[in-house]
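> heads up, no residue letters with this:
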């Protein structure tokens, strides 16, 4: 899917870097994940096929400061959701590190204390709430699981507070998820995520299943929550408009790699990587300024058999010999921004 | 654990009292039920028959277990309205002078008890194993489902013979006395669990990838807790439908096994043993000995089946 600008008037982008020397909360270093997608052993033996490995995420590094939003954008299949799952602790990385407030998430040891501080908001508000559970039980689940409170009256009180916080009636807790609309369900998901008082929220395309009008509501609400509760977000999306509205910094992902990482304003004003430029050029121009719109050329290659060198080279207008041979490494190209591209490095862009 | 707030407390959420009942009476299910007279009739018949079965000790005019009350002079009496019938025995008597009507009530009690326990056992085994197989996947799934496949190659009669044989070998003589019930329950339960396991496994495989399961994993819940408190409520409705239909099948299987002599001995009546005994006297003209238990069995199975079919139509989204 091509990232698209779905809102008529793009809201003002967020200010770059809330606080320049804010404390770092999340640090991800050289994160990789390989999936084994080969056929069963017997089939492989009979058909004489080798193992098939899918490298979903390769050497992804970034850090997120407290109270900041980092967004990861990319087409479907670029590995952004896989990164989110590894950061949140649902999927074990093949290699690399995830550190939250200095604690290594996958080094082993007791994660309970760490888990309380991280929560996730999922893509599909229809699948992320258990249809057979009442809303109050759903929201109370983290409170009970982490043993934050065992007193029933206190839990009920807290659930009521959370429902009010997300703009629902405390009486709604008695209902079942199917009695709510998509936007309301996503609010319930947010209430559940907030019930263990986390500081870090990973949002995996939280609005992509919602109507455009509801999307804006939820996004604004999430921004307000961030200011109010001092939350840190890792925001996954394929929608550039959404990302522009939410993020302080943006990482652009292509085939499992972060190709460009820069503050939001810089990405939109002055994209450096050819892929980022291609994405921005493809955004439909609703202001009818007459800007010629270029389509995104080609499709994302098969990650089981990725192109050699820079994986973007078959689609890249600036590709040359070196791109087919060498994987570009991320180079610092300015304050707080980096790009992984030979063309940019050699100033051919 | 689902948090149930049924007790009114000084909390932010006032609890409406008859919440559950209101929900039940408002539901489409009840509405559809009231609208289909055939199903209502079937449910009524099934209910009456089961009630009769369980109230047998109080309702039956004679006690077929009480050997002292039996008199061989009363044997092979035709029903009371037939010429030569005895007014004491409404549906006639069998070869040992037992009242057919009373024996049917007691026999139905055995049949219903055995089939319910057997279906319960099958549910317990099938649902847990299916849930584990579907949720865990991998080699656990392979092992459980291959065992299920092997189980499926044994007809329930063979399973029953096997269980019976093992029980005979393990328990000697006198101990065997009361174990007939248990043997039947285990035999029928063993031959039915595979269906539940397969159904539950299929649904669990779909459910485990849903985001609500990930949300539960995220807060560090154990697999067991996720399986039984999050996934289980979502796999239960197809299983309940299957259980109703299987209840009828289990009654038939019990009758078949008892008829073949693997089940209950003829001194302990069940619908199956009664038909078996009656069958021997059919050629000598004593038709009542097989006709009435047979008709009761057919009625009971038909009623339970109708209710089960209707439940499936209503609860299975693929048939809606």
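Looks like it arrived, so ask away. Note that this is a predicted model, so its numbers are computed, not measured. Numbers count the residues shown, from 1 in each chain, chains lettered A, B, ... in the order given.

> Return the list of helices and strands in contact with the helix or strand encompassing residue A:86.
Using DSSP states H and E, residue A:86 sits within helix A:80-88. Under the contact criterion of 3 or more C-beta pairs under 8 Å, 6 or more residues apart in numbering or on different chains; DSSP states H and E, helix A:80-88 touches strand A:24-36, strand A:53-65, strand A:69-73, strand A:118-121, strand A:200-204, strand A:232-237. (Each C-beta comes from the backbone N, C-alpha and C, glycine too.)

> again, 6 Å this time
Applying 3 or more C-beta pairs under 6 Å, 6 or more residues apart in numbering or on different chains; DSSP states H and E, we find helix A:80-88 packed against strand A:53-65, strand A:200-204.

> and the longest one, what does it pack onto?
It stands for strand A:53-65. strand A:24-36, helix A:80-88.

> and if we set it to 8 Å?
strand A:24-36, helix A:80-88, strand A:232-237, strand A:257-263.

> and if you look at the last one?
For strand A:200-204, the elements it packs on are helix A:80-88, strand A:118-121, strand A:232-237, judged by 3+ C-beta pairs under 8 Å, 6+ apart.

> Residues in contact with that strand: which ones?
A:25-26, A:64, A:81, A:84-85, A:87-88, A:100, A:117-123, A:193, A:222, A:231-236 (C-beta atoms under 8 Å, 6 or more residues apart in numbering or on different chains).

> at 6 Å instead, please
A:81, A:84, A:87-88, A:118-123, A:231-236 (C-beta atoms under 6 Å, 6 or more residues apart in numbering or on different chains).

> from those residues, which is closest to residue B:90?
The closest of the contacts of strand A:200-204 to residue B:90 turns out to be residue A:122 (C-beta to C-beta; 65.9 Å).

> By proximity to chain B, which residue of the stretch 151-300 of chain A wins?
Proximity of the stretch 151-300 of chain A to chain B (C-beta to the nearest C-beta) peaks at residue A:160, 2.9 Å away.

> name the element that residue belongs to?
Per DSSP H and E: helix A:152-165 holds residue A:160.

> Report the buried residues of that helix.
If you call a residue buried by 16 or more other C-beta atoms under 10 Å in any protein chain shown, then helix A:152-165 has these buried ones: A:152, A:155-160, A:162-163, A:165.

> looking at chain B, which helix or strand does the model trust least?
helix B:19-26 (a mean of 60; mean pLDDT, DSSP states H and E).

> The helix or strand just after it: which residues count as buried?
With elements assigned by DSSP H and E, the helix or strand that comes after helix B:19-26 is helix B:28-35. Neighbour-count burial for helix B:28-35 flags residue B:33 (criterion: 16+ other C-beta under 10 Å).

> does helix B:28-35 come close to chain A?
No - using C-beta under 6 Å from any C-beta of the partner chain, helix B:28-35 stays clear of chain A, with a minimum separation of 13.1 Å.

> what's next to that helix, contact-wise?
By C-beta under 6 Å, 6+ apart, helix B:28-35 touches no other residue.

> next one: it to chain centre, how far?
On the basis of C-alpha atoms, centre = their mean, to the nearest Å, helix B:28-35 is displaced by 24 Å from the centre of the chain it belongs to.

> Kindly report the same for stretch A:44-60.
That offset, for stretch A:44-60, works out to 25 Å (C-alpha atoms, centre = their mean).

> follow-up on the earlier one: mind checking which of the helices and strands packed on helix A:80-88 is nearest residue B:47?
strand A:200-204 (50.2 Å).

> what angle separates the next helix-or-strand element following that closest one from strand A:69-73?
The C-terminal neighbour of strand A:200-204 among helices and strands, as given by DSSP H and E, is helix A:212-229. Comparing the axes of helix A:212-229 and strand A:69-73 via axes from the mean of the first three to the mean of the last three C-alpha atoms, to 10 degrees yields an angle of 150 degrees.

> Give me the contact list for helix A:212-229.
By C-beta under 6 Å, 6+ apart, the residues outside helix A:212-229 that reach it are A:6, A:183, A:186, A:207, A:245.

> Which ones among those map onto strands?
Under the assignment DSSP state E, the contacts of helix A:212-229 contribute nothing to strands.

> quick one: the nearest residue to residue A:332 once chain neighbours are set aside from residue A:307, how far?
Spatially, and ignoring its direct neighbours in sequence, residue A:332 is nearest to residue A:338 (5.1 Å; C-beta to C-beta, 6 or more residues apart in numbering or on different chains). Distance of residue A:338 to residue A:307, computed by C-beta to C-beta, to the nearest Å: 22 Å.

> Flag the shaky bits of chain A, pLDDT-wise.
For chain A, applying pLDDT under 70 flags the ranges A:1-22, A:285-297, A:348-349.

> near chain B, which residues of it show up?
Residues of chain A lying near chain B (C-beta under 6 Å from any C-beta): A:90, A:112, A:115, A:120, A:122, A:124, A:127-130, A:132-133, A:137, A:140, A:142, A:145, A:153, A:156-157, A:160, A:170, A:173.

> Filter those residues down to the buried ones and express that as a ChimeraX selection.
With 16+ other C-beta under 10 Å as the burial test, the buried ones among the residues of chain A next to chain B are selected in ChimeraX as follows:
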select /A:115,120,122,124,127,128,129,130,132,133,137,140,142,145,156,157,160,170,173
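
> Keep only those of the residues of chain A next to chain B that are in helices.
A:112, A:115, A:137, A:140, A:142, A:145, A:153, A:156-157, A:160 (DSSP state H).

> contacting residues around the closest residue to residue A:69 other than its chain neighbours?
Closest residue in space to residue A:69, ignoring its immediate chain neighbours: residue A:233 at 4.1 Å, by C-beta to C-beta, 6+ apart. Residue A:233 is in contact with A:69, A:201, A:203, counting by C-beta under 6 Å, 6+ apart.

> Tell me what the residue most central in space within chain A is bridged to.
Per C-alpha atoms, centre = their mean, the C-alpha nearest to the average position across chain A is that of residue A:236, at 2.0 Å. Per DSSP bridges, the residues bridged to residue A:236 are residue A:72, residue A:204.
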